[in-house]
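Undergrad: no sequence for this one, just the structure:
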């Protein structure tokens with residue numbers, strides 16, 4: 001079944017292959033938390049059931065507060081399976097964002113950074 005194949009590909013970070021099977025870029029929706037770690041902002045998926053790729057550096061189209069930018073995304077893996085993966089996004093190319101504790105975010109995953117050419 002295609003859905004199972006897509007889930008497996010996303011699980012191991014093969015976003016480009018998953019996108020080809022889907023026919024569009026895989027998406028994750030969540031909330032931007034205003035805290036930053038090493039210049040990257042935290043995104044918490046809005047649903048625990050959303051598939052988040054394995055740890056690594058990715059590129060994706062991030063939509064937030066009416067802005068849409070291709071940007072760096074970092075996923076941290078935990079060795080503890082009960083702890084969800086954490087998504088970090090680079091917001092340096094975005095115009096000033098509203099000062100609220102959390103904002104809705106949509107990530108359209110493009111691929112793993114080490115495979116992308118600029």
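TA: Looks like it arrived, so ask away. Worth saying up front: this structure is predicted, and the values here are computed from it rather than measured.

Undergrad: how many neighbours does the nearest residue to residue 113 once chain neighbours are set aside have?
TA: Using C-beta to C-beta, 6 or more residues apart in numbering and skipping the chain neighbours, the partner closest in space to residue 113 is residue 57 (3.9 Å). Every C-beta, even on glycine, is put in place using the N, C-alpha and C of the backbone. Close neighbours of residue 57, defined as other C-beta atoms under 10 Å, add up to 14.

Undergrad: residue 57 is in contact with residue 72, isn't it?
TA: Yes. Between residue 57 and residue 72 there is a contact under C-beta atoms under 8 Å: 6.7 Å.

Undergrad: now do the shared contacts for these two.
TA: residue 113 (C-beta atoms under 8 Å, 6 or more residues apart in numbering).

Undergrad: what about residue 53, how many residues nearby?
TA: Residue 53 has 25 nearby residues by other C-beta under 10 Å.

Undergrad: likewise for residue 55?
TA: Neighbour tally, residue 55, other C-beta under 10 Å: 14.

Undergrad: would you list every one of the helices in the protein?
TA: 2-11, 15-22 (DSSP state H).

Undergrad: need the pLDDT of the nearest residue to residue 25 once chain neighbours are set aside.
TA: Nearest residue to residue 25 in three dimensions, chain neighbours excluded: residue 108, at 4.2 Å (C-beta to C-beta, 6+ apart). With respect to pLDDT, residue 108 scores 97.

Undergrad: so how far is residue 98 from residue 108?
TA: Here the criterion is C-beta to C-beta, to the nearest Å. By it, residue 108 lies 21 Å from residue 98.

Undergrad: same check, this time on residue 62
TA: Distance from residue 62 to residue 98, by C-beta to C-beta: 15 Å.

Undergrad: residues contacting the spatially most central residue of the chain?
TA: Closest residue to the average C-alpha location of the chain: residue 107 at 5.2 Å, with C-alpha atoms, centre = their mean. Neighbouring residues of residue 107 by C-beta under 8 Å, 6+ apart: 27-30, 43, 60-63, 73, 87, 89.
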